[in-house]
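Trainee: Task: produce atomic coordinates for the following.
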Amino acid sequence: MKTAVGMAKNNTLALIFADFKEITKVRLAVSVVFSSIAGYFLGAYEINLLSIFLLAFGGYCMVGASNAFNQVIERDLDALMKRTRNRPIPSGRMSVSMAMSVAVILTLLGVITLYLLNPKTAMFGAISIFLYTSVYTPLKTKTPLSVFVGAFPGAIPFMLGWVAATNDFGIEPGTLFMIQFFWQFPHFWALGWMLHEDYERGGFKMLPTGKKDAGTALQIIMYTVWMMVISIIPVFGITGRLTLSIPAAIIIFMLGGVMLFFAFKLYAKRDTVTAKKLMLASVSYITLVQIIYVIDKYI
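Mentor: Below you'll find the predicted structure:
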């Protein structure tokens, strides 16, 4: 009997943990934490393990809070889409009040934790939550410009790490912000292309022209080019302490070229398979760029 009760408790805890991971979008949150830690390594004069822990924990809380608020706001729309109908709220596994409690607690924990690093880091974290939940989320069903607005909170993490390490905002974190800002357009539009029909069920307007057409593909190409240029700007020595060697810049430019190849391919084919390849290439790109920047600084 005790064994059965114990197993039931373990199963319940496992389900609660699974729902927590889903409402905070654990994979997205971890990728954001990765970006912020990369930014920290780039900005830090010396590595402090406590600071890295606070940044990781606070960053996860902030992203988790944004995603929880987002799922509360969009719960009725999530129920309409195949991709999201099994999320904790629309499936009925989690109440709205419980999700709101999670979001509020994570917000408070995130702001306090980042404030322990320095006030500027907490401020940018709070701005990120506000823009994501109060501006980007409501605009998603109104205008394709929501992606532009959403790119602001989405670009903060890489920059946030530098600010956490230095308590300063200048040309260096500004450059990191711009790299991730321009990267998001080909990334999200490729994702929007893949999931266009599902997004339409929820009433979301995610593609710049509203269609999987040449106009959308052309804008993906243009923003990919901008991303490639901005990603190697530090090689010219005009971004303060943020520097990049010529070999590293060449590698990064070539990685961008892979994305550009798929962007042109999408323009030619306009199919979901190519959009998925572009999306996967974009995920690899931003991860590798951040790793290369950090390695380049320390070797």
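Trainee: switch to C-alpha atoms for all contacts and neighbour counts from now on
Mentor: Fine.
Trainee: Next, Ile47: secondary structure please.
Mentor: Put simply, Ile47 is coil when judged by DSSP: H, G, I helix; E, B strand; the rest coil.
Trainee: now the helices for the chain?
Mentor: Here the chain has its helices, by DSSP state H, at 2-23, 26-43, 49-73, 75-78, 96-117, 119-130, 137-139, 146-166, 171-194, 196-202, 214-231, 246-269, 272-298.
Trainee: Now mean pLDDT and distance to Gly237 too, for these, in a markdown table please.
Mentor: A markdown table is the format used below for the helices of the chain (pLDDT from 0 to 100; distance: least, Cα to Cα, whole Å):
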| stretch | mean pLDDT | distance to Gly237 |
| --- | --- | --- |
| helix 2-23 | 73 | 41 |
| helix 26-43 | 94 | 15 |
| helix 49-73 | 94 | 27 |
| helix 75-78 | 88 | 46 |
| helix 96-117 | 94 | 29 |
| helix 119-130 | 94 | 26 |
| helix 137-139 | 91 | 38 |
| helix 146-166 | 93 | 18 |
| helix 171-194 | 95 | 11 |
| helix 196-202 | 88 | 41 |
| helix 214-231 | 96 | 13 |
| helix 246-269 | 96 | 11 |
| helix 272-298 | 95 | 14 |
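Trainee: and of these, who's closest to Asn86?
Mentor: Asn86 lies closest to helix 75-78 among the helices of the chain, at 8.4 Å (Cα to Cα).
Trainee: about what we covered before: redo the helices of the chain as CSV? Include mean neighbour count and distance to Pro208.
Mentor: Listed next are these as CSV, based on neighbours: other Cα atoms under 10 Å; distance: least, Cα to Cα, whole Å:
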stretch, mean neighbour count, distance to Pro208
helix 2-23, 13, 27
helix 26-43, 22, 23
helix 49-73, 23, 21
helix 75-78, 18, 20
helix 96-117, 19, 30
helix 119-130, 20, 23
helix 137-139, 19, 13
helix 146-166, 25, 8
helix 171-194, 23, 8
helix 196-202, 17, 12
helix 214-231, 20, 6
helix 246-269, 19, 14
helix 272-298, 18, 15
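Trainee: Which one of the ones you listed lies nearest to Ile238?
Mentor: Ranking these by proximity to Ile238 (Cα to Cα) places helix 171-194 first, at 8.7 Å.
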